[in-house]
Structure formats: C-alpha cells, structure tokens
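K.L.:
structure of the sequence below:
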Amino acid sequence: MGLQEGNAAPHIKTPEFDLAALKGQKVVIFFFPKADTPGCTKEACEFRDSTKMFQKKNAVIVGISPDKAAAQAKFATKYELPYTFVPDSEHAIAEAFEVWKEKSMYGRKYMGIERTTFIIDEKGRIAKIFPKVKVTGHAAEVLGSL
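P.N.:
I've put the predicted structure just below:
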C-alpha cells in the first residue's frame, strides 16, 4: 500500500541533514531528478522565490536528488537557492519515500526519481503528498496546502 498521508515520515539522518531535528516545524521535501536541468531548475527557483512565504508559515524547504553533494552545492550557488539540499546518490532516502521508480524515456527503461513533494507536519507525520509533480506553479500549490 505504501506511504500515505498521516503516516510517520521515514527517518532521514545524513551528515547534511536530520529530519528529526526539525520537529516543531513543517518541512517541505521536494524530490527532483537532477540538479541544473531545465525542469529541476525551474522547480528549485520557484521554491527559492517563495522562501519568505514558506518561512512565514513556519516551513523549511529541503531538496533531495541523487546528485552528489558537490553538484548540489554548485546548483545552489549558481541559482542562489537558500535552502538545504540533501544528496542521495545511493537513493536510500528516495527508496524510503517510495519515489525511486522505474521510468521510461525514448523506449529505454531506467530507475530514477519520480518528481514528488511531501509536506511533513510539526510532529513528523506526512501531512500531504504531491505525486508526479508538474513543475510550473508547484511551489504556489505547496504553499497553499500549508
């Protein structure tokens, strides 16, 4: 049946990030396929442009992708992205959140991130899941759900 709204969020603890340390705040986790690609850049920049509004709602933004930390850092610097990025090159976090899926492009099947966003509530539970995200307007949609 998989993860559902109301479930406890999977535990995330890496050298860069500890989800449990953010209890008492809302956490918006957006999973994206690859840093510095057109769709991912647009999504990340929409979250950047809305950061102050998320902060007013006591929400922290976190981006997770299979990129290595250096690629994420370069991406964050290039686009002045003011929130936390968590590298998941072994895709353990993506698997825990059930967003590591078989995908298909030009008839070729491969494993990758299915663009998905989660709102984690102040108690560490999944308040909302946005599966198969369409990038344009997504940050505003998430903000409206807080």
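
K.L.:
quick one: residues contacting the residue of the chain most remote from its centre.
P.N.:
Distance to the chain centre peaks in the chain at G107, reaching 26.9 Å (criterion: C-alpha atoms, centre = their mean). Shown in contact with G107 (C-beta atoms under 8 Å, 6 or more residues apart in numbering): no residues. For the C-beta atoms, the positions are set from N, CA and C on the backbone; glycine is no exception.

K.L.:
again, but for the one 10 residues further on
P.N.:
Taking C-beta under 8 Å, 6+ apart as the definition of contact, the neighbours of T117 are 28-31, 129-130, 133, 138, 142.

K.L.:
neighbour-wise, which of those residues leads?
P.N.:
Within the contacts of T117, V28 tops the neighbour count with 26 neighbours, counted by other C-beta atoms under 10 Å.

K.L.:
could you look up the SS state of that one?
P.N.:
Secondary structure state of V28, per DSSP: H, G, I helix; E, B strand; the rest coil, is strand.

K.L.:
ok so, going back, nearest to F97 among the contacts of T117?
P.N.:
F31 (6.7 Å; C-beta to C-beta).

K.L.:
which strands and helices sit next to the worst-scoring helix or strand of the chain on mean pLDDT?
P.N.:
Ranked by mean pLDDT, DSSP states H and E, the helix or strand of the chain with the weakest confidence is strand 100-105, at a mean of 88. Judged by 3 or more C-beta pairs under 8 Å, 6 or more residues apart in numbering; DSSP states H and E, strand 100-105 is in contact with strand 108-113.
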